[in-house]
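A.B. asks: any chance you can model this:
(chains A and B, ligands or ions: 5)
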Amino acid sequence: MPAVEVSRLLKGAPPVGKRQTLDEYRAAGGYEALRKGLGMTPEQITQAVIDSGVRGRGGAGFPAGRKWTFVPKNTGKPVYLAVNGDESEPGCFKDRQIMERVPHLLIEGAILACRAIGAQTAYIYVRGEYPSCIGNLEAAVEEARAAGILGSDVLGSGWRCDVWVHSGAGAYICGEETGMLSSIEGGRGYPRIKPPFPAVEGLWRSPTIINNVETIANVTLIVRDGADAWKSAGDADTPGTRLVGISGHVVRPCHVEIDPAKTTLRELIYDHAGGIWKGRKLKAVIPGGSSVPVLPATQIDVPFTYGAVKAAGSLAGAAGVIVMDDTTCMVDALLNLMEFYHHESCGQCTPCREGTGWLEKLVRRIWSGGGKPEDIALLDRVADTVGGAGAGKTICFLADSAVMPTKSFLKHFRADFERAVAEGGSPVWKARASRRKPAAHAGAR
Amino acid sequence: MPKLTIDGKTMEVPKGATVIQAARAAGIEIPHYCWHPGLSVAGNCRICLVEVEGMPTLQIACNLLCADNMVVRTQSEKAKGGRADVMELLLINHPLDCPICDQAGECKLQEYSFRIGKDRSSFDFPKVHKPKHVRFSDKVMFDAERCILCTRCVRFCAEVAKRDELDIVNRGDRNEIAVKRGGELENDYQMNVIDVCPVGALTSMDFRFKSRVWFLENAKSVCSGCSRGCNVTVGSRWNRVLRVIPRENPHVNQWWMCDAGRFTYKGNDADTRLGAPMIRKNGALAECSWDEALDAAAKGLRDAGADLLALVSGRLTNEEMWLAKDVLAHLGTPHRDVKPRAFAKDDFLRTGDGNPNSRGAALLGIAPGTGGSGLTSLGSRAFRGAALFGEDLDDRPEALEALSKCGFVLVVGSHETETSRRAAHVVLPGVTPFEKDGTYVNVSGRVQRLARSVIAPGEAWPDWKILGALRARLTGAPAPRTPADAFAEMCAASPAFSGLPWNGLGEHGADARTPEPAGAAR
Ligand SMILES: Cc1cc2nc3c(=O)[nH]c(=O)nc-3n(C[C@H](O)[C@H](O)[C@H](O)COP(=O)(O)O)c2cc1C
Ligand code: SF4
Ligand code: SF4
Ligand code: SF4
Ligand code: FES
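C.D. replies: Ligands and ions are numbered 1, 2, ... in the order given. Reported below is the predicted structural model:
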């Protein structure tokens, strides 16, 4: 079956690296959704988003419209919108396409969302390592301001709304929604305990709605086309299109916009990304970004909807499909992930601060030939002490995000770990060690 | 008023109360590190995990609001297992240097390891190493390896001292507490971070390595640094005070005290301490017996009679002021006064009044009586005699000059001063606030107990005993045998204190009966 791409969010988008200007965007009907939205009441916009059923594209898949209704009324405090463009999860690079190439689509969605939730200020928090996104978004904001789309009189409506682009500073944890709020406020990127929930007490202790870049970009389309038309893609579980990034051992790493109900994980890998590179076979795939459970090659004949991927044993998450070929040592792959989570733990919570380091040490020991047979069971147990899906042991989900891969790697690829213990380490390590003189020790990377 | 059940106990709690608070009020202690009743909730240590019926995941009790019909289990297998896991993780990189740690014996890591931890660790890697001697100031030392990153110290500085001086640097298990911008702790309450630190990460430069805490004798007392009267625990050993730490009193100082208050004990060991009574003979002070000195003092006072000027220190206890006042009444002199004593003032605890018992003096009427003169008249008016009870004039050279011209000067005090050297005819060695029992009335009218921690050097007597002996010599009234006797006598005669129980004041004190000094002036 040929790869079916759909084109909604990225319709008319210039090639990678280029930005759609305000004139180009307007020529294609841009900011007409905003004009329409200004004629609607905030409740009508919210209702349209509820009717669309759009689920958060940042990973958790929470219905966006429902979230918006959590903003308390008449608190006397300002309301804020914070758009999450931190996109720091290994394997994810979809939001980049929107921020870099069609920034006005996002800005329009942000203004509409502000209108709906009663905010007049939106922050777009952009991953610090995305200078082109930051630059292009800033340029677009300038254009919108100059054109009277942002500012004290949005399209002559008398209503004020402004959007600020905020650069991240290189921490994965600043993508966690409350970590992002701390960072926007100028503090350390520390996630916050809940309650209070950000919709009640977020930025500067005022009600704040946090949504992913793709979620907000979709708001433009929902208002423009109406909820029903928007829902024509996807299914009841996952309405709308999804932007997916595919990377790893594929012929053609890429991003695509798909109809999630009509596209399987297999199609993403074999059709869109051209299949496994070097004529090899598929061994494993992480479908939703590094934080979700890994799937073995046998589990990929599922549509890329939240529900279907979950039923297969993983999560569609933030749609970062990471593909591993049959030469991959899963101990090596897990070590890479554990280095990441250990490095990125903000360190507030005891289980995450101490546990991510322990997990990395254990995996590294197995990887580098020092593993004892009981280390595999210990790895499994330590993972349980740190967290797990819905464990609630920590302030945010980063700890659980380290545990989910660990548990699933052990579940599906235990043999790789047993082999590394029995045969003096991961093949990757052994190959590196043999190239090195004298023999490397367990601490070496 | 939500009604909930914790470990089978049903209770009704105020709206907004958290489970940890409700449990505490019901006598159930849920382990906690980062939570402190006087600080905001951080929820980071995760040791307070409990199970709640109907909730799929364990919850942290410190940030869980009580709700109607909530059923909480602190002792279920799941809750206990969750906490034991956290305990294990807390210790994997901890240096476990308890044998040389000042916190040992009062450390929450030790406490909870012992109570809820596992008996061995599965962690067999080299630990993460961090700096062990980081000077935060000349009062506070930091050991990053012992720190469990609970942020109590950070929150104390920001929220209570209102000086946001500490923060965390780095990430994950490389996290460390640091003074912002590489500076030093500067706030006047910084030593409270040592007390709030649940582990041995923050230690007192003053107390470090002086004694294992379990060898300290602890006395519940109050600070004499200013009129706030912060409640303290005085730790002593070998008859020496080694540290003063705050003691919780919701009416006075909550959990805190200022740094200056912690160092008030330093005077105890000064080499100017007076150890024996003295009488001036041939121009020089010479040691003598208590009998000889008391006789001479009584004679001098009697001779001065109604023309005696008495300075009664605002640092004396109520009982001592009471006895002094009785003596002065017998002599018939209206000339009595309290020397003001300045002390730093801020908008938190420090009142600006360095006399811990100004309020007691006011309630007891220690102020010039009808037709009487006070301190300021020294120099403009000649007195036949003067008595300084616990006071000196070292900071007022002109008054001291005038004092030295009086025919008779009695000085009762714990330290040798310029005043005693130059002006005294009789010197009676008294004691410091750490060496006697008694009561003070703080700035808001709270009557609080001062408790003796150590015994004064040499032949010094507590001031209440000196005043009792003087009164006996002058009036024949029996000398109180204990400060409690003096207190009872005072309470019987003075409406401000009527009916207050000596023994009932030990923990948190009690309000004086009359807020204003009415009826006390005699
Ligand atoms: C460690 C961590 C990192 C995250 N990083 C991102 C991110 O980069 N971008 C994002 O949109 N959401 C991220 N999330 C999810 C956000 O917390 C949040 O759920 C999301 O932004 C909400 O928007 P949505 O409802 O539109 O998906 C992260 C979550 C965690 C726990
Ligand atoms: S789970 Fe980890 S990353 Fe999240 S707040 Fe706790 S320590 Fe920080
Ligand atoms: S120094 Fe003490 S109070 Fe401060 S964070 Fe560390 S353990 Fe907590
Ligand atoms: S505020 Fe006053 S009473 Fe309290 S500790 Fe400081 S000096 Fe002592
Ligand atoms: S006491 Fe509750 S998380 Fe620390």
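
A.B. asks: next, the buried residues of the longest helix seen in chain A.
C.D. replies: As assigned by DSSP state H, the longest helix anywhere in chain A is helix A:398-422. Buried residues in helix A:398-422, counted by 16 or more other CB atoms under 10 Å in any protein chain shown: A:398-410, A:412-413, A:416-417, A:419-421. Yep, even glycine has a C-beta here, placed from its N, CA and C like the rest.

A.B. asks: kindly report the same for stretch B:94-107.
C.D. replies: B:94-95, B:98, B:101-104, B:106-107.

A.B. asks: in chain A, which helix or strand is least confident?
C.D. replies: helix A:427-435 (a mean of 92; mean pLDDT, DSSP states H and E).

A.B. asks: close to ligand 1, is the longest helix of chain A?
C.D. replies: Yes. Interface with ligand 1: helix A:398-422 contributes A:398, A:401 (CB under 6 Å from any ligand atom).

A.B. asks: does A:Ala169 count as helix, strand or coil?
C.D. replies: Three-state assignment for A:Ala169 (DSSP: H, G, I helix; E, B strand; the rest coil): coil.

A.B. asks: test my guess that it contacts A:Gly128.
C.D. replies: Yes. Contact criterion CB atoms under 8 Å: A:Ala169 and A:Gly128 qualify, at 5.0 Å.

A.B. asks: ok, these two, which is more surrounded?
C.D. replies: A:Gly128 (16 against 11; other CB atoms under 10 Å in any protein chain shown).

A.B. asks: residue boundaries of the strands in the stretch 351-500 of chain B?
C.D. replies: Secondary structure of the stretch 351-500 of chain B, counting by DSSP state E, counting those that start in this stretch: strands at B:351-353, B:385-389, B:408-413, B:426-429, B:438-441, B:446-450.

A.B. asks: mind putting the ones you listed in TSV, distance to ligand 2, mean neighbour count and mean pLDDT included?
C.D. replies: Putting the strands of the stretch 351-500 of chain B into TSV (distance: least, CB to the nearest ligand atom, whole Å; neighbours: other CB atoms under 10 Å in any protein chain shown; pLDDT from 0 to 100) gives the following:
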stretch	distance to ligand 2	mean neighbour count	mean pLDDT
strand B:351-353	41	18	97
strand B:385-389	60	27	98
strand B:408-413	57	26	98
strand B:426-429	59	28	98
strand B:438-441	47	28	98
strand B:446-450	42	26	97
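
A.B. asks: so where's the chain uncertain?
C.D. replies: I'll assume chain A. A:1-3, A:437-445 (pLDDT under 70).

A.B. asks: wait, I meant chain B there
C.D. replies: In chain B, residues with pLDDT under 70: B:515-522.

A.B. asks: may I have the phi/psi pair for the most centrally placed residue in chain A?
C.D. replies: The residue lying closest to the centre of chain A (CA atoms, centre = their mean) is A:Ala318, at 3.7 Å. The phi/psi pair for A:Ala318 (degrees, to the nearest 10) reads phi -100, psi 20.

A.B. asks: what residues are up against it?
C.D. replies: A:57-59, A:87, A:89, A:92, A:94, A:212, A:288-289 (CB atoms under 8 Å, 6 or more residues apart in numbering or on different chains).

A.B. asks: what's opposite B:Leu166 in the beta bridge?
C.D. replies: B:Val179 (DSSP bridges).

A.B. asks: nearest residue to the residue of the stretch 1-150 of chain A found nearest ligand 4 in space, please, no chain neighbours.
C.D. replies: Per CB to the nearest ligand atom, the residue of the stretch 1-150 of chain A with the smallest distance to ligand 4 is A:Lys77, at 36.3 Å. The shortest distance from A:Lys77 to any non-neighbouring residue, by CB to CB, 6 or more residues apart in numbering or on different chains, is to A:Ser206 (4.2 Å).

A.B. asks: how close does the one you found sit to chain B?
C.D. replies: 18 Å (CB to the nearest CB, to the nearest Å).

A.B. asks: ditto for A:Ile395
C.D. replies: A:Ile395 is 6 Å from chain B, where distance means CB to the nearest CB.

A.B. asks: hmm, whichever strand or helix holds B:Tyr112 in reach of ligand 3?
C.D. replies: Assigned by DSSP states H and E, B:Tyr112 belongs to helix B:108-116. No. Shown here: helix B:108-116 not in contact with ligand 3 (CB under 6 Å from any ligand atom), separated by at least 9.1 Å.

A.B. asks: where along the stretch 51-200 of chain B do the strands fall?
C.D. replies: Using DSSP E, counting those that start in this stretch, the strands of the stretch 51-200 of chain B run over residues B:59-60, B:71-73, B:134-135, B:140-142, B:166-169, B:176-179.

A.B. asks: each with direction, which strands does the third one pair with?
C.D. replies: Strand partners for strand B:134-135, identified by DSSP bridges, are recorded as strand B:140-142 (antiparallel).

A.B. asks: so what touches the strand it pairs with?
C.D. replies: B:131, B:133-136, B:177, B:185, B:190-191, B:193-194, B:201-205, B:208.

A.B. asks: can you pull the contacts of the closest residue to B:His415 other than its chain neighbours?
C.D. replies: With sequence-adjacent residues excluded and distances taken as CB to CB, 6+ apart, B:His415 is closest to B:Thr272, at 4.6 Å. For B:Thr272, the contact set (CB under 8 Å, 6+ apart) comprises B:415-417.

A.B. asks: for the residues you listed, which one is nearest ligand 2?
C.D. replies: B:His415 (53.7 Å).

A.B. asks: sorry, back to before: who wins for proximity to chain A among the strands of the stretch 351-500 of chain B?
C.D. replies: Chain A sits nearest to strand B:351-353 of all the strands of the stretch 351-500 of chain B, at 32.6 Å, using CB to the nearest CB.

A.B. asks: direction included, what does the closest one pair up with?
C.D. replies: strand B:342-345 (antiparallel).
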